[in-house]
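1. Whatever this is, show me its structure:
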Amino acid sequence: MSDTAFSNLPEFSVTELSAALKRTVEDQFAFVRVRGEISGLKFHSSGHVYFDLKDEKVLGPLKADGFAPITDKDYNVIRDAAKLLRLDLGTLEK
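-> Now for the predicted structure:
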């Protein structure tokens, strides 16, 4: 295709496109539960948790990051997720 065929398409910066995608996803999926295989689980010294979610139908992993829990109630989210996933948090490396 020639350059003129694309000349009437709007142009977005990476920041603009990223923000638009973020808004769209957050508007459509405010609260979700995701099922997948966790790999690359890493605990950062700040308390954040980083991991990949994999699914046999998706070619690449979904990169995910958690949060730095600040109260015992916040840790319940991690404990509940560990129970569902049958993870022993005591054996995971930080």
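2. most centrally placed residue in the protein?
-> A64 (2.7 Å; CA atoms, centre = their mean).
3. So what pairs up with it in the strands?
-> Per DSSP bridges, the residues bridged to A64 are F51.
4. Surely it touches K42?
-> No - taking contacts as CB atoms under 8 Å, A64 lies outside contact range of K42: 11.0 Å. Backbone N, C-alpha and C define where each C-beta goes, glycine included.
5. Residues that sit against both of these two, list them.
-> 50-51 (CB atoms under 8 Å, 6 or more residues apart in numbering).
6. distance of K54 from E37?
-> K54 sits 4 Å away from E37, going by CB to CB, to the nearest Å.
7. When the two are compared, which one has more neighbours?
-> Neighbours were counted for K54 and for E37 using other CB atoms under 10 Å; K54 has more, 16 against 11.
8. how near is that one to V25?
-> Counting by CB to CB, the gap from K54 to V25 is 19 Å.
9. So the closest residue in space to V34 that isn't next to it in sequence: helix, strand or coil?
-> Excluding the flanking residues, the one nearest V34 by CB to CB, 6 or more residues apart in numbering is L53, at 6.2 Å. Counting by DSSP: H, G, I helix; E, B strand; the rest coil, the backbone at L53 sits in strand.
10. and L53, how many neighbours does it have?
-> Going by other CB under 10 Å, the residues that sit close to L53 add up to 16.
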